[in-house]
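>>> model the following, please.
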Amino acid sequence: PLVVAHSLGAQVAERLAARQEFEAVVLLAPVSPFGLVSSTLNLAVQEPGLFASLALSPLLGARAIDPAAAARALFSAELPVELREQYLRRFQLESSRVAMELSVQSWVPRTPRRLGGLVLGGDRDVLVPRADVERTAAAYGAQLEVVPGANHVLMLDVGWRAVAERVAAFFERRS
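Here you go, the predicted model:
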């Protein structure tokens, strides 16, 4: 299969790759195979309000999240407000259990499986910062591309077409 995974889906793809060979894999703004501590600390510095509301979300649910802060972290300012609001209505909170497991993973090092492929990250992403994207690409033995002006949700933002073209070009070169 040709696999495209975003954010936490990169962890799912890595675990699937342990059971099955991929023809090619593309990871968009992937959560690091080394866990969430680095990303979490970056978020605390870059978007302290969003960090605090995410920390409270296991207790208060989605109402703890400031939609404006979430929108800043997920999308570029150039995304039309109507689209941003439409997308935000569909978002759900991440699993607290998964977040805890990925935080523990930061303290219990493991060697990620070398997937090859392509890793894409946004240069404005505060959820998965560039340093984590670079480290992930190196760990997986993958080609790295950083998308200028992109936040976390690369495939829905204003630059989605350029991202899709990069993914398609990568798959075309592989097949």
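>>> okay, CA-based contacts and neighbour counts for the rest of this
Will do.
>>> tell me the buried residues in stretch 16-36?
17, 22, 24-36 (16 or more other Cα atoms under 10 Å).
>>> out of these, list just those in strands.
Per DSSP state E, strands hold the following members of these: A24, V25, V26, L27, L28.
>>> of those, closest to R84?
For those, the closest approach to R84 (Cα to Cα) belongs to L28, at 19.0 Å.
>>> quickly list what that closest one is bridged to.
H6, L120 (DSSP bridges).
>>> show the contacting residues for it.
Under the criterion of Cα atoms under 8 Å, 6 or more residues apart in numbering, the neighbours of L28 are V4, A5, H6, S7, A10, V119, L120, G121, L154.
>>> what do you get for Y140?
Counted by Cα under 8 Å, 6+ apart, Y140 has contacts P112, R113, R114, L115, G116.
>>> got it, and N151?
By Cα under 8 Å, 6+ apart, the residues touching N151 are A73, L74, F75, S76, G122, D123, R124, D125, V126, D157.
>>> let me know the closest of the residues you listed to Q143.
Taking these together and measuring to Q143 by Cα to Cα, the closest member is G122, at 14.5 Å.
>>> neighbours of that closest one, how many?
23 (other Cα atoms under 10 Å).
>>> name the nearest residue to it, sequence neighbours excluded.
Nearest-residue entry for G122: A150, 4.3 Å, with adjacent residues in sequence omitted and distances by Cα to Cα, 6 or more residues apart in numbering.
>>> and the one you found, what's its pLDDT?
Note on A150: pLDDT of 93.
>>> is it true that it lies in a helix?
No: the assignment for A150, made by DSSP: H, G, I helix; E, B strand; the rest coil, is coil rather than a helix.
>>> correct me, but it touches D125?
Yes: between A150 and D125 there is a contact at 6.8 Å, judged by Cα atoms under 8 Å.
>>> more crowded one of these two?
D125 (27 against 24).
>>> nearest spatial neighbour of the more buried one, skipping sequence neighbours?
Using Cα to Cα, 6+ apart, the closest residue to D125 is N151 (4.2 Å).
>>> centre of the chain to stretch 21-29, how far?
From the chain centre to the centre of stretch 21-29 is a distance of 13 Å (Cα atoms, centre = their mean, to the nearest Å).
>>> ok, now stretch 116-131?
Distance, centroid of stretch 116-131 to centroid of chain: 7 Å (Cα atoms, centre = their mean).
>>> before we move on, what about stretch 50-58?
18 Å.
>>> tell me which residues in that stretch are buried?
Using 16+ other Cα under 10 Å as the test for burial, stretch 50-58 gives L50, F51, S53, L54, S57.
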